[in-house]
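Visitor: Build me a model from this:
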Amino acid sequence: MSEPSTTPGEGFHPHLHDTSGHGATPLRTRLHHVRADSLDDGTAQTGGMRRFAAVSGRTVGSEKLWMGQTHVAPATSSSDHHHGESETAIYVVSGHPEFVFLDDSGEEPGEVRLRTSPGDYIFVPPYVPHREENPDPADEAVVVIARSTQEAIVVNLPGLYALPAEEA
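Guide: Numbers count the residues shown, from 1 in each chain. Sure thing, here's the model as predicted:
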């Protein structure tokens with residue numbers, strides 16, 4: 001682990017020919033190093049949280065994956081939303097965010113609240129309305145998100161409700 005850090009945009013592929021003097025290396029032929037201080041805040045947003053893209057079609061040329069961070073301020077709830085066709089995996093980095101969705105499998109629909117801790121994972125299936133909450137009065141909650149689509153799909157909703165079967 002004594003290797004020097006890479007510089008932003010540097011990549012290494014020993015099997016590729018030397019491309020010096022041939023212009024920029026295409027995005028799909030090298031590794032990409034995205035530094036924490038260069039995350040892209042120009043991604044889809046939801047009220048009450050901030051999303052930052054690290055890996056996306058725009059940042060590194062990915063075709064099937066989006067990955068980034070979400071920050072939820074202390075004592076804050078996001079707006080209700082879903083992520084369209086995208087599957088979403090969430091890893092809790094810090095704080096104790098809560099993920100809220102509506103379970104309509106019983107006679108009466110009811111809110112389900114998943115309380116998390118650092119190191120926990122959450123899976124959000126496509127089209128499932130939900131929101132993130134950070135009940136901590138002092139500390140921000142930070143999660144890492146991976147999505148099965150190239151860009152962050154965010155559909156903000158007026159409320160937390162189950163989508164009709166033809167929409168899901």
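
Visitor: which stretches of this structure form helices?
Guide: According to DSSP state H, the chain carries its helices in the segments 57-60.

Visitor: what bridges to the spatially most central residue of it?
Guide: In the chain, the centroid-proximal residue (C-alpha atoms, centre = their mean) is residue 145; its distance is 3.0 Å. Under DSSP bridges, the beta-bridge partners of residue 145 are residue 68, residue 90.

Visitor: ok, now which ones touch it?
Guide: For residue 145, the contact set (C-beta atoms under 8 Å, 6 or more residues apart in numbering) comprises 51, 66-70, 88-91. Quick note: C-beta positions are derived from backbone N, CA and C, even for glycine.

Visitor: Also residue 80?
Guide: Counting by C-beta under 8 Å, 6+ apart, residue 80 has contacts 129-131, 156-161.

Visitor: quick one: it and residue 101, what's the gap?
Guide: Taking C-beta to C-beta, to the nearest Å as the measure, residue 80 falls 9 Å from residue 101.

Visitor: just residue 113 next, same as before
Guide: From residue 113 to residue 101 the distance is 9 Å (C-beta to C-beta).

Visitor: Which one of these two is surrounded by more residues?
Guide: residue 101 (19 against 10; other C-beta atoms under 10 Å).

Visitor: re earlier: got a PyMOL select line for the buried ones in the contacts of residue 145?
Guide: Restricted to buried positions by 16 or more other C-beta atoms under 10 Å, the PyMOL selection for the contacts of residue 145 reads:
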select buried, resi 51+66+67+68+69+70+88+90+91
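
Visitor: so where's this structure shaky on pLDDT?
Guide: Where the chain drops to pLDDT under 70, the residues are 1-28, 162-168.
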